[in-house]
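> Give me a model of this one.
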Amino acid sequence: MASMRHLPHLLVTLWLAACTTASPPPPVDASAPAAALAVPAPDALRYRVASEHSAVHFRVYRAGRLAALGHNHVVVARQIEGEIALAPDLARTQFSLRLPVASFEVDPPEARRDAGEGFEVQPSAEAIAGTRRNMLGARVLDAERHPEVRIDTVTVRGALPTPTVTVRLTLRGVARDADVPVTVARDGDTLTATATFDIRQTDFGITPMSVFGGALQVADAVTVRLRIVATRMP
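Residues are numbered from 1 along each chain as shown. Here you go, the predicted structure:
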């Protein structure tokens, strides 16, 4: 067990330090359908993601009866590539987003401020660096073998401005689908889509870390908040 002298650093880096667990990671779910974008509808309006105005936030939470000793974390993806094909028949609308994991930021101060309650304490630079290093390792995001996270459409239901989209999230080689309420706003040649949904780390082969017999642990559920701004393609 870690000494009390090393406890603060351990508590700060709980989530992404999961790579220190002894058990090997579960195998990649090769049976999951690959994320692929079909040919867009010929009458669709095509938009390209404006990375400088877009972001995806992954909020990770502490848990257990000693949760007050730990920290919540925010991982931010800003370098987002992708396209949106908005069809008059909304059911034929598609999008594909690609998030290079090497660009992910851990606990940027503005993201923690935006997250509000539970994110007030800013971890040290040393703790953030260690957390990011572990995040990219083989037992968490496995960036060497899986350099991108993908978010793609499966189906679109309902009507603008608040359709429900089944999205396919592909993370560390495992694909999972989720039904997500999306809010869409259009202003001239600019389209903005926002959404919030939860995923579970264990669904993607990540074992959340726990210490002290589970009294202090990382919650399995991660909240994903995305804001995608895209501009009309000529």
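> in the helix ranked longest in the chain, what's buried?
In the chain, assigned by DSSP state H, the helix with the most residues is helix 125-135. Applying a neighbour-count criterion of 16 or more other Cβ atoms under 10 Å, the buried positions in helix 125-135 are A127, I128, G130, T131, R132, N134, M135. The way it works is simple: take the backbone N, C-alpha and C, and place the C-beta from them, glycine included.
> what pairs with R48 across the strands?
When bridges are assigned using DSSP bridges, the partners listed for R48 are E83, T231.
> Count the residues that sit near it.
A count of nearby residues for R48, using other Cβ atoms under 10 Å, gives 13.
> okay, it: pLDDT?
Looking at R48, its pLDDT is 96.
> quick one: contacts for it?
G82, E83, A230, T231, M233 (Cβ atoms under 8 Å, 6 or more residues apart in numbering).
> gap between it and F197?
Shown here: R48 relative to F197, a distance of 23 Å by Cβ to Cβ, to the nearest Å.
> what residue ranges in the chain score low on pLDDT?
By pLDDT under 70, the low-scoring segments of the chain are 1-38, 63-70, 209-216.
> Can you show me the strands along it?
In chain order, the chain shows strands spanning 45-49, 55-63, 73-77, 81-86, 94-100, 105-106, 148-157, 164-171, 174-187, 190-200, 210-211, 216-232, with DSSP state E as the criterion.
> Quick check: which of those strands is buried the most?
Taking mean count of other Cβ atoms under 10 Å as the contact definition, the stretch among the strands of the chain with the greatest mean neighbour count is strand 73-77, which reaches a mean of 23.
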